[in-house]
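>>> Predicted model follows, preceded by the sequence.
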Amino acid sequence: MLSPEVANDKSLYPDAATIQKGEWQNDVGSASTLYEEYYQKLESGSLISPYCRASARQYALSGRPLLAHE
């Protein structure tokens, strides 16, 4: 049996109004292989230009949010 804490967690069990506001992704079919390939490249950092890697690392170490609006 679920604990009340889990059973009432709206992030796990959203109500009907929240579900109505949501967006659903349709099956992308055979393109999923391409999505997976580019996700792996993005995750490994191989999509970042060698010229940007040092500055990206410095930025990450600075503690500033990646999408900061300055």
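Structure's in. What do you need?

>>> Below-threshold pLDDT in the protein: ranges please.
Per-residue confidence for the chain (pLDDT under 70) gives these ranges: 47-60, 63-70.

>>> Quick one: the helices in it, in order.
Assigned by DSSP state H, the chain shows helices spanning 4-7, 16-21, 32-44, 50-61.

>>> Next, give phi and psi for the residue nearest to residue 22 when sequence neighbours are not counted.
Distances taken as C-beta to C-beta, 6 or more residues apart in numbering place residue 14 nearest to residue 22, at 7.5 Å, with adjacent residues excluded. Every C-beta, even on glycine, is put in place using the N, C-alpha and C of the backbone. Phi and psi for residue 14, reported as degrees, to the nearest 10, are phi -70, psi 150.

>>> I'd like the numbering to begin with 40 instead of 1 from here.
That works, and once the first residue is 40, the last one we named lands at residue 53.

>>> Quick one: end-to-end distance for stretch 49-59.
14 Å (C-alpha to C-alpha, to the nearest Å).

>>> Quick one: residues in contact with that stretch.
With C-beta atoms under 8 Å, 6 or more residues apart in numbering as the test, stretch 49-59 has contacts from 45-46, 61.
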